[in-house]
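# give me a model of this one.
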Amino acid sequence: MSVRYVLKEGFAGLKRARLAAFTSTFSLFIAVFLIGMLTRVGFNAYDISQTLRQQVEVEVFLEDLDQQTTDEIGARLQQIEFVESMSYISKDSAAAIFMEEFGVGGESLANLRFLPASFRLIISGDVDIQEADEMVSEISEWRGVEEVKFNLALLQMLQSRIELTAITGGVIAIMVILAAIALVFNTIRLTIYSKRELIRAMKLVGATNGFIRRPFLVEGIIQGLLAGIAASGLLVLLFSYLIPAYVPQFGILEWPYGRWYYLTGGVVVLALVMGWWGSRWASRKFIRDTRVYG
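Prediction:
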């Protein structure tokens, strides 16, 4: 079949139901634009939460130990899977930190060297709460460990916020996508209805459903392409120029993976898939149901 014929009929379908085609294209545009916004904001929220999670520290306070036992505990801590980095704070270093924080008034207490030596651990940002809690409980049981301090509440709060954001964004995205696909479906259905006599004639001369369906698929893809390009352009305009100009704080928001074209490319592809799927759904259903007679 001629590619030229398919493209010509695809564009002609847009002209036959202009209002419906505009409505579905605009709906696709709004859908993928909102998804692009959610992705941009969600990516940065996740990135910030991961940064905060990596700042959650575990402090392992030691009893009065010899250097060999201290080194053994340090070696065991480094072997833990979730430990990203570790630093050792001796009694002298702990006293110096105490003096720095409390000033001259704390000098007499610092000289008593009452603060224990400790290991300060930075845990991995993707560690699960249960895994982190189990790790802390296990370390607490080690010989030579006096106490383990860990801000479990902060980690629980971060994880719950991440999960809530992901679920809310996912539900909104699914609802928007389904609504946009339904509008494409309705547009193609109207176009098929307006060409029902021609479709019957084509079936009478032996045209297959697949042959008849291709121009309608092209029509849906064109709608998706137009919507994707428009949404991508608006995303770049907003996040690269308009928002930073009026709200400079938003200028620090990163594009996913550091480049604008990853998100905008994904938006265009998503719009194409949505347009194709809506048109495929409608054309398969209504072309198959269009009878040759009556």
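# give me the neighbour count for residue 164.
For residue 164, the neighbour count with other Cβ atoms under 10 Å is 10. The way it works is simple: take the backbone N, C-alpha and C, and place the C-beta from them, glycine included.
# next SSE after whichever strand or helix holds it?
Here residue 164, judged by DSSP states H and E, is contained in helix 152-194. Counting by DSSP H and E, the next helix or strand C-terminal to helix 152-194 is helix 196-204.
# can you show me the strands along this structure?
Counting by DSSP state E, the chain has strands at residues 57-62, 83-89, 118-123, 145-150.
# before we move on, the earlier item: which strands or helices does the helix holding residue 164 pack on?
Judged by 3 or more Cβ pairs under 8 Å, 6 or more residues apart in numbering; DSSP states H and E, the packing partners of helix 152-194 are helix 3-16, helix 18-54, helix 129-140, helix 209-237, helix 260-289.
# how about residue 127, nearest residue that isn't a chain neighbour?
Computed as Cβ to Cβ, 6 or more residues apart in numbering, the closest residue to residue 127 that is not its neighbour in sequence is residue 82, at 4.4 Å.
# do the same with residue 23
Computed as Cβ to Cβ, 6+ apart, the closest residue to residue 23 that is not its neighbour in sequence is residue 183, at 6.1 Å.
# neighbours of that neighbour, how many?
As a measure of burial, residue 183 has 22 neighbours, counting by other Cβ under 10 Å.
# quick check: it vs residue 16, distance?
16 Å (Cβ to Cβ, to the nearest Å).
# care to break this protein down by domain?
Annotated domains of the chain cover 3-51+158-289, 57-150 [automatic domain parsing].
# compute the number of surrounding residues for residue 178.
Look at residue 178: counted by other Cβ under 10 Å, it has 13 neighbours.
# quick check: the residue lying closest to residue 58 once chain neighbours are set aside vs residue 41, distance?
With Cβ to Cβ, 6+ apart as the criterion, residue 58 has its nearest non-adjacent residue at 4.2 Å, and that residue is residue 121. Distance of residue 121 to residue 41, computed by Cβ to Cβ: 31 Å.
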